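[1] Next comes the sequence, and after it the predicted model I'd like to discuss.
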Amino acid sequence: MEPPIIIGVAGGSGSGKTTLTRALMDAYRGRCVLLRQDDYYARRDDLAFEQRAALNYDAPEAFDDALLIEHLARLREGRAVDSPVYDFADQNRSEATVRVEPRPVIIVEGILIYADEALCALFDIRLFVDTDADVRILRRIRRDVIERGRSLESVEHKYLTTVKPMHELYVEPSKRRADLVIPAGGQNLVALDMITRAIDRRL
């Protein structure tokens, strides 16, 4: 059995990573699995909820990259993994896991998947979704307030104190490690066609 193709989809918060990921999942339905870096936030049972809420979730140390690397290595070897599930309401990793079976195409989505050199080295194709900051913040407000139940004040505070500075410090520089920088994400049909052609050649 040929080893799978591992594709990274990175970009800032609200950039359109999920839209691009869904388009790729649709294109390779039944042959594709997805791991989200968000689910690999480090478990913090040692902290109270208020302490967890104050953590910086946009810095590399917020993630358990060692576990994500281990899971990708196992999937590449043809072995299934139990991916963690992050609970955004509790702001901690939940007790639940999701069984992920190996497939020919593995997609990993996350803001900082290229910040760690060992993790970055595992990707066969590195994509970066590039979107203007004003668009990203509007999308983040909509997502965090409507989908995650956060207050507008907390979203504003988090953006100014961690999201924006961490984007400038870690996310934006990681763009240099991408093979392809994609404006407009999943809405960019030309880029999507180029990506699927590259995947098809490797399958």
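    Thanks, I have it.
[2] per-residue confidence at residue 177?
    At residue 177, the model reports a pLDDT of 96.
[3] where does the residue most central in space within the chain fall, phi/psi-wise?
    With distances taken as Cα atoms, centre = their mean, the residue of the chain nearest its centroid is residue 110 (1.6 Å). When read as degrees, to the nearest 10, the backbone of residue 110 gives phi 180, psi 160.
[4] which residues make contact with the biggest helix by length in the chain from outside it?
    The longest helix of the chain (DSSP state H) is helix 189-202. Here helix 189-202 makes contact (Cβ atoms under 8 Å, 6 or more residues apart in numbering) with 5, 7, 20, 23-24, 27-28, 105, 124-125, 127, 180, 182-184, 186. Bear in mind the C-beta positions are built from the backbone N, C-alpha and C, glycine included.
[5] nearest residue to residue 118 other than its sequence neighbours?
    residue 69 (5.9 Å; Cβ to Cβ, 6 or more residues apart in numbering).
[6] Actually, residue 11.
    residue 129 (3.4 Å).
[7] Report the beta-bridge partners for that neighbour.
    For residue 129, the beta-bridge partners under DSSP bridges are residue 11, residue 182.
[8] can you give me the mean pLDDT across stretch 144-155?
    pLDDT averaged over stretch 144-155 gives 78.
[9] Ok, stretch 34-42 next?
    Stretch 34-42 shows a mean pLDDT of 97 in the predicted model.
[10] Okay, buried residues for the longest helix of the chain please.
    Neighbour counts over helix 189-202 (16 or more other Cβ atoms under 10 Å) mark 191, 192, 195, 199 as buried.
[11] I'd like those residues laid out as JSON lines, including distance to residue 142.
    Below are these laid out as JSON lines (distance: Cβ to Cβ, whole Å):
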{"residue": "191", "distance to residue 142": "24"}
{"residue": "192", "distance to residue 142": "23"}
{"residue": "195", "distance to residue 142": "26"}
{"residue": "199", "distance to residue 142": "31"}
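[12] ok so, going back, surely the residue nearest to the centre of the chain touches residue 41?
    No: counting by Cβ atoms under 8 Å, residue 110 does not reach residue 41; the two are 10.1 Å apart.
[13] which residues do these two both contact?
    residue 63.
[14] Please verify my assumption that residue 88 contacts residue 57.
    No: in this structure residue 88 lies outside contact range of residue 57 using Cβ under 8 Å: 9.9 Å.
[15] And the two? Which one has more around it.
    Each of residue 88 and residue 57 has its neighbours counted (other Cβ atoms under 10 Å); residue 57 has more, 20 against 16.
[16] Assumed the more buried one was part of a helix.
    No: if the criterion is DSSP: H, G, I helix; E, B strand; the rest coil, then residue 57 is coil and not within a helix.
[17] All the strands of this structure, residue numbers only.
    Secondary structure of the chain (DSSP state E): strands at 5-11, 32-36, 81-87, 92-100, 105-109, 125-130, 180-183.
[18] Low-confidence stretches in this protein?
    1, 185-186 (pLDDT under 70).
[19] surely residue 138 meets residue 15?
    No: using Cβ under 8 Å, residue 138 is not in contact with residue 15, being 11.7 Å away.
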